[in-house]
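Colleague: Return a 3D structure for these sequence lines:
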Amino acid sequence: MTTTKNTIDFVDDFINKLKNENEKLKPVNIMIIGKTGVGKSTLINNVFREKLAETGMGEPVTQHLRKISKKGIPINIYDTKGLELKSETQEEITEEIEGKIEELYLSRNEEDYIHVIWYCINAQSKRIEDLEIELMTKFSKKVPVILVLTQCYGKDAKEFKNLLENKNLNVKAVQAVVAEEVEIDEDIIIKPNGLIELVDRTYQILPEAVKKSFTNAQKVNIDKKAEDALAWSTAYITGSFGAGFTPIPFSDAAVLVPMQVGMLAHITTIFGVSLNKSIISGIVGSLVGSGGAAMAGRYIVSNLLKFIPGVGTFVGGVISGGTASILTTALAVSYIEVMKKVAESEYKGKSIDAEEIAKMTKDIYEKELKS
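Modeller: Below is the predicted model:
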């Protein structure tokens, strides 16, 4: 089989496995509660991919609740409105929120459960109402609540945060954030902060079944994506040793590529980046071509065998398994590095063309093999 034919087959395999990996993700469901103007949409758009809270997005599920979702992003956001209205309306809204939480729970479908609530208060108001404390206490009995202080900058806002922490509210955390840059004047600009901590605290309290979905959907902690991707790669690395450890001497690392393609698809899913067929073709071509996995595998094996005259089948299998692990580890580490760069560019609204990504993949992979 020619290299070109191999590449075409592996590209198709990559695309199919990537589709399957994405389809396996169970959506994470987050409810965001807060008054109009506290910055919920700004928070959503700066934490999650693809500007989820754009004008007009969201499906009304009750009079005061809308469900925001977007194909290709494994997250549903339930956004509230109208908490600042008169007391009778506030009671109605509270009943709607409680009713929706209960309704989703009674469905007995874990994919529908509300997994966490972000209760948002604008820190610049330096004020929390008794109703809000009551709501957080009530909701926290059913769903973990994180109190998110938006626009939290300046001495007064920080003192307000300390005050709330000392109240021992029924919440998992009080997290201060500045979701997007704030210009106080020409000389004072407040940079976004607190978002990584919010993502990390949310991740910690989510059920295991939706943690990968949350990692995919969020865009602020790319190192977390890399960390999870490396952890998931361990299973493929272990499997690659088994694939190499056979009674037949290891002669061509290309037999590992289908397994490695599955690993690349898994890593891509965790990062949640957009790869079209052209980019995938470039990535795969750079790995299975003349300088790719097959040649690297033969080179490593031939050099190891030089030092072991009369090598037996068992030892040959160990060498092959070790070689397979070396190749797969190098591939995982290098591809994760590539995905970090692609994700950083994509989330900043920039793009890297297919040729540049392919060259980057090949260069980092070869460097990783040498190390």
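
Colleague: contacts and neighbour counts: CA atoms only from here.
Modeller: Fine.

Colleague: what's the domain layout of the protein?
Modeller: The record's domain split for the chain, according to automatic domain parsing, is 27-217, 221-370.

Colleague: What ranges does this structure have for its strands?
Modeller: With DSSP state E, the ranges of strands along the chain come out as 28-33, 59-62, 65-70, 73-80, 116-122, 145-150, 173-176, 182-185, 188-190.

Colleague: Rebuild those as JSON lines, extending it with mean neighbour count and mean pLDDT.
Modeller: Output for the strands of the chain, formatted as JSON lines (neighbours: other C-alpha atoms under 10 Å; pLDDT from 0 to 100):
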{"stretch": "strand 28-33", "mean neighbour count": "24", "mean pLDDT": "95"}
{"stretch": "strand 59-62", "mean neighbour count": "13", "mean pLDDT": "79"}
{"stretch": "strand 65-70", "mean neighbour count": "19", "mean pLDDT": "90"}
{"stretch": "strand 73-80", "mean neighbour count": "23", "mean pLDDT": "93"}
{"stretch": "strand 116-122", "mean neighbour count": "24", "mean pLDDT": "96"}
{"stretch": "strand 145-150", "mean neighbour count": "26", "mean pLDDT": "97"}
{"stretch": "strand 173-176", "mean neighbour count": "21", "mean pLDDT": "96"}
{"stretch": "strand 182-185", "mean neighbour count": "10", "mean pLDDT": "82"}
{"stretch": "strand 188-190", "mean neighbour count": "12", "mean pLDDT": "88"}
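
Colleague: how about the helices in the stretch 151-300 of the chain?
Modeller: With helices called from DSSP state H, counting those that start in this stretch, the stretch 151-300 of the chain shows them at 155-166, 195-205, 208-217, 222-244, 257-271, 277-288, 293-306.

Colleague: what's next to the first one, contact-wise?
Modeller: Right, the one you point to is helix 155-166. Contacts to helix 155-166, defined as C-alpha atoms under 8 Å, 6 or more residues apart in numbering, come from residues 123-124, 126-127, 149, 152, 174, 176.

Colleague: quick one: which of these is nearest residue 191?
Modeller: Among the contacts of helix 155-166, residue 152 lies closest to residue 191 (C-alpha to C-alpha), at 11.3 Å.

Colleague: In contact with the residue nearest to the closest one when sequence neighbours are not counted, which residues?
Modeller: Leaving aside its chain neighbours, residue 152 sits nearest to residue 123 (5.0 Å; criterion: C-alpha to C-alpha, 6 or more residues apart in numbering). Shown in contact with residue 123 (C-alpha under 8 Å, 6+ apart): 149-153, 157, 160-161.

Colleague: Reformat those into a markdown table and put distance to residue 41 next to each item.
Modeller: As requested, the contacts of residue 123 are exported to a markdown table (distance: C-alpha to C-alpha, whole Å):
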| residue | distance to residue 41 |
| --- | --- |
| 149 | 14 |
| 150 | 11 |
| 151 | 13 |
| 152 | 16 |
| 153 | 19 |
| 157 | 20 |
| 160 | 23 |
| 161 | 21 |
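
Colleague: Quick one: buried ones out of the residues you listed?
Modeller: 149-153, 157, 160-161 (16 or more other C-alpha atoms under 10 Å).

Colleague: Just give me the closest of those to residue 219.
Modeller: Using C-alpha to C-alpha, residue 150 is the member of those that lies nearest residue 219, at 18.1 Å.
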